[in-house]
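**Q** coords below, sequence missing:
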Ligand SMILES: NC(=O)c1ccc[n+]([C@@H]2O[C@H](COP(=O)([O-])OP(=O)(O)OC[C@H]3O[C@@H](n4cnc5c(N)ncnc54)[C@H](O)[C@@H]3O)[C@@H](O)[C@H]2O)c1
Ligand SMILES: O=c1ccn([C@@H]2O[C@H](COP(=O)(O)OP(=O)(O)O[C@H]3O[C@H](CO)[C@@H](O)[C@H](O)[C@H]3O)[C@@H](O)[C@H]2O)c(=O)[nH]1
């Protein structure tokens, strides 16, 4: 029996596929390479280049590889883009997830693990935020993901399929062995943009807003190392396999860093400064988003190994340097 990883050629999916393979899992990847890279799929039993909503293809994969569990990363991920083009997000994240879930039910898939997001909370009323908080997503992206959580809950109530919806906080860093990393061109994530600026690939970085009600006026986020997040998926699979009941859980460390603290960490890692500019607030940014990770820590066999901003930044910077190497 195998595990199907959708979006396994992308940033988080490729790290998870490697983690699963190192745990002895047979990994099948389905990805349309819209933002992913075939070279990032390194130890698959099979790689299918196609769409998660291609019903015939998904049926064939489930039958051919006797798929026991699906880990569903495939999706569109840029919050401002979702505001500008909501229907793209409701199609790729919600409607296509519905088709995938339907084929999984039809094919007898036992477990489903879904990439959800802290964006389902919107502007959390309490920080750290736990899973019982009010869900008030501020963007079509967050709503497109929340609807998929709801679908899974309704489906698992009546079909023989258990699920875990993992709400990621801010994912950053790269594989410590340097095999994969965040490789998207024109990425917008803070740590990646800061590393690229420190390496001279961008002339400067802008701080989007320094008048937030936080300690230094810049936004606070809970940055989780992508390899720890990958391990959380392997742990969630083990938990569901052992008969654990369906789970919705935050994936973060439980402490936040401001934009200025992150930029300082990148300066420390690079060993030199770079140009930082102050800019107006970015539309839709909550001031502070920090997880309460108590549930995932008490439910899964998961112990973070890289809960250190300097380590996250060092790995992110090392990956950016690798991307600059010739033959990449
Ligand atoms: N990166 C973050 O900080 C973050 C935070 C919260 C949640 N997430 C979620 O995690 C998941 C993975 O994000 P990522 O950062 O690795 O993004 P990514 O863009 O690197 O990976 C997404 C992958 O899915 C593939 N894909 C997209 N639509 C597809 C489709 N219809 N059919 C087949 N393949 C398709 C892409 O080619 C890509 O390889 C996403 O669902 C995202 O919403 C990411
Ligand atoms: O050049 C930049 C980039 C970002 N920021 C700020 O840095 C913080 C983090 O921004 P970013 O790295 O873009 O992440 P978020 O907007 O917090 O969203 C990420 O984290 C969410 C979960 O918390 C996920 O749902 C999203 O997919 C993912 O993009 C925010 O305050 C931004 O305003 C800057 O000041 N300058």
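**A** Cool, the structure landed. Quick caveat: nothing in here was measured; it's all calculated off a predicted structure. Numbering: from 1, shown residues only. Ligands and ions are numbered 1, 2, ... in the order given.
**Q** Please name the bridge partners of residue 251.
**A** As for beta bridges, residue 251 partners with residue 168 under DSSP bridges.
**Q** number of nearby residues for it?
**A** 26 (other C-beta atoms under 10 Å). Yep, even glycine has a C-beta here, placed from its N, CA and C like the rest.
**Q** Now do it against residue 292, distance only.
**A** 11 Å (C-beta to C-beta, to the nearest Å).
**Q** just residue 221 next, same as before
**A** 14 Å.
**Q** Of those two, give the one with the bigger neighbour count.
**A** More crowded of residue 221 and residue 292, by other C-beta under 10 Å: residue 221, with 25 against 20.
**Q** ok, now which ones touch the residue nearest to the more buried one when sequence neighbours are not counted?
**A** The shortest distance from residue 221 to any non-neighbouring residue, by C-beta to C-beta, 6 or more residues apart in numbering, is to residue 170 (4.4 Å). Contact analysis of residue 170 by C-beta atoms under 8 Å, 6 or more residues apart in numbering lists 118, 189-190, 221-224, 252, 289.
**Q** Mind doing that once more with 7 Å?
**A** Residues in contact with residue 170 (C-beta atoms under 7 Å, 6 or more residues apart in numbering) are 221-224.
**Q** got it, and residue 72?
**A** 6, 97, 100, 112-115.
**Q** and with 6 Å instead?
**A** By C-beta atoms under 6 Å, 6 or more residues apart in numbering, the contact set of residue 72 is 6, 114.
**Q** That one bridge partners, please.
**A** Beta-bridge partners, per DSSP bridges, of residue 72: residue 6, residue 114.
**Q** so what's it scoring on pLDDT?
**A** Turning to residue 72, the model gives it a pLDDT of 98.
**Q** How about the one 4 residues further on?
**A** Reading off the per-residue confidence, residue 76 sits at a pLDDT of 97.
**Q** was I right about it contacting residue 92?
**A** Yes. Between residue 76 and residue 92 a contact is recorded at 4.6 Å, counting by C-beta atoms under 6 Å.
**Q** circling back: so which of the contacts of residue 170 comes closest to ligand 2?
**A** residue 221 (5.0 Å; C-beta to the nearest ligand atom).
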